[in-house]
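Engineer: below is the sequence, then the predicted model.
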Amino acid sequence: YVAGTAGWGPTFGGRPTVASYPPGPYTCTTNDATIRITGYTGPGGAITIPGAINGLPVTSIGDLAFYRYSSLTNITIPVGVTNIGAFAFAGCVGLTALTIPDGVTTIGEAAFDNCVNLTNVLVPDSVTSIGGAAFYDCAGLTGITIGNSVASLGDYTFSGCSSLARVNFRGNVPSI
């Protein structure tokens, strides 16, 4: 039952109906009154991930949540998200623009692997860890700025980034 759907009411066959969870094109799980996005079923294009679903804050983009969603072109991650999971956006070959908000602390392993049309990335100062192969095979990536809190870069972080001409570290170069 989706609120507002014609023909449905608070009961069906004498039994209570329940609103589908979550509304919209996202699948998710809850943990300690927060939301982890686990999947996406929308049309793609430019999307802004919501900061809250059913009144609960979105704090994590789960592993494989948008994996191989080739029709995504632009993603804005909301303030409040602290973790981007492993392979979260891997294979999003249509992705050309990405906004990672301040507050994200972890970018998981291969999170943006094979995002071949992504050209420029700004990793905010809040990020402390970038997993191995996070930007693996991002052939169109020409530049990346890494915030001053990154303490470590995983193995093969930029492997296959054949167009990468500039990596700018705002702080000290982390251990690689």
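Structural biologist: Great, that's in hand.
Engineer: where does residue 157 land on pLDDT?
Structural biologist: Looking at residue 157, its pLDDT is 95.
Engineer: and the nearest residue to it once chain neighbours are set aside, how far from residue 108?
Structural biologist: Closest residue to residue 157 apart from its sequence neighbours, by CB to CB, 6 or more residues apart in numbering: residue 134 at 5.2 Å. C-beta: built from backbone N, CA, C; applies to glycine. Applying CB to CB, to the nearest Å, the value for residue 134 to residue 108 is 7 Å.
Engineer: against residue 127, how distant is residue 150?
Structural biologist: Distance, residue 150 to residue 127, using CB to CB: 6 Å.
Engineer: kindly report the same for residue 93.
Structural biologist: Per CB to CB, residue 93 is found 24 Å from residue 127.
Engineer: compare these two and say which is more crowded by neighbours.
Structural biologist: Set residue 93 next to residue 127 and count neighbours by other CB atoms under 10 Å: residue 127 wins out with 22 against 17.
Engineer: does that one really touch residue 103, like I thought?
Structural biologist: No - if you go by CB atoms under 8 Å, residue 127 and residue 103 don't touch, sitting 9.3 Å apart.
Engineer: quick one: low-confidence residue ranges for the chain.
Structural biologist: Within the chain, the stretches with pLDDT under 70 are 1-23, 176.
Engineer: what's the helix or strand for the spatially closest residue to residue 144 that is not a sequence neighbour?
Structural biologist: Distances taken as CB to CB, 6+ apart put residue 121 closest to residue 144, at 4.6 Å, once the chain neighbours are dropped. Per DSSP states H and E: residue 121 is located in strand 120-123.
Engineer: contacts for that strand?
Structural biologist: Contact with strand 120-123 is made by 98, 100, 107, 112, 130, 135, 141-147, 150, as judged by CB atoms under 8 Å, 6 or more residues apart in numbering.
Engineer: cool, thanks, signing off.
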